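Q: When you get a sec, could you give me coordinates for this:
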Amino acid sequence: MNRDQIGTAWSGKHVVLIRCSQNTNKVTSFFQSLHAPVEPLHPLCTESLSTFLSIGYSISFVHTLPDGTIEYILTK
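A: Alright, predicted model coming up:
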């Protein structure tokens with residue numbers, strides 16, 4: 001099957017990016033791929049990560065941005 005044709009099944013991954021303050025444990029920004037299944041975001045980073053892990057996302061990558069913010073990349 002040609003996956004480049006309109007109307008064919010999509011076989012990729014959903015991606016969610018959560019950025020958190022290292023000092024306050026607060027979510028500073030959130031991004032998601034189109035149609036990614038999400039739950040309501042909690043203000044605390046640890047609670048948001050827990051929620052996304054519980055609905056089947058996996059942590060694919062974690063890194064620190066130049067401003068000290070921690071970015072979590074989750075995929076499903």
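Q: all strands of this structure, in order?
A: Here the chain has its strands, by DSSP state E, at 15-20, 27-32, 58-64, 70-75.
Q: Which of these sits closest to E47?
A: Closest of those to E47 is strand 27-32, at 8.9 Å (criterion: Cβ to Cβ). All C-beta atoms are positioned from the backbone trio N, CA, C, and that covers glycine.
Q: any chance of the strands of the chain in a markdown table, plus mean pLDDT and mean neighbour count?
A: Shown next, in a markdown table, are the strands of the chain (pLDDT from 0 to 100; neighbours: other Cβ atoms under 10 Å):
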| stretch | mean pLDDT | mean neighbour count |
| --- | --- | --- |
| strand 15-20 | 97 | 19 |
| strand 27-32 | 97 | 14 |
| strand 58-64 | 95 | 11 |
| strand 70-75 | 96 | 18 |
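Q: okay, those strands in TSV with distance to H42 next?
A: Shown next, in TSV, are these (distance: least, Cβ to Cβ, whole Å):
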stretch	distance to H42
strand 15-20	10
strand 27-32	7
strand 58-64	16
strand 70-75	14
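Q: which ones are touching the nearest residue to R19 once chain neighbours are set aside?
A: Spatial nearest neighbour of R19, excluding adjacent residues (Cβ to Cβ, 6 or more residues apart in numbering): S29 at 4.4 Å. For S29, the contacting residues are L17, I18, R19, by Cβ atoms under 8 Å, 6 or more residues apart in numbering.
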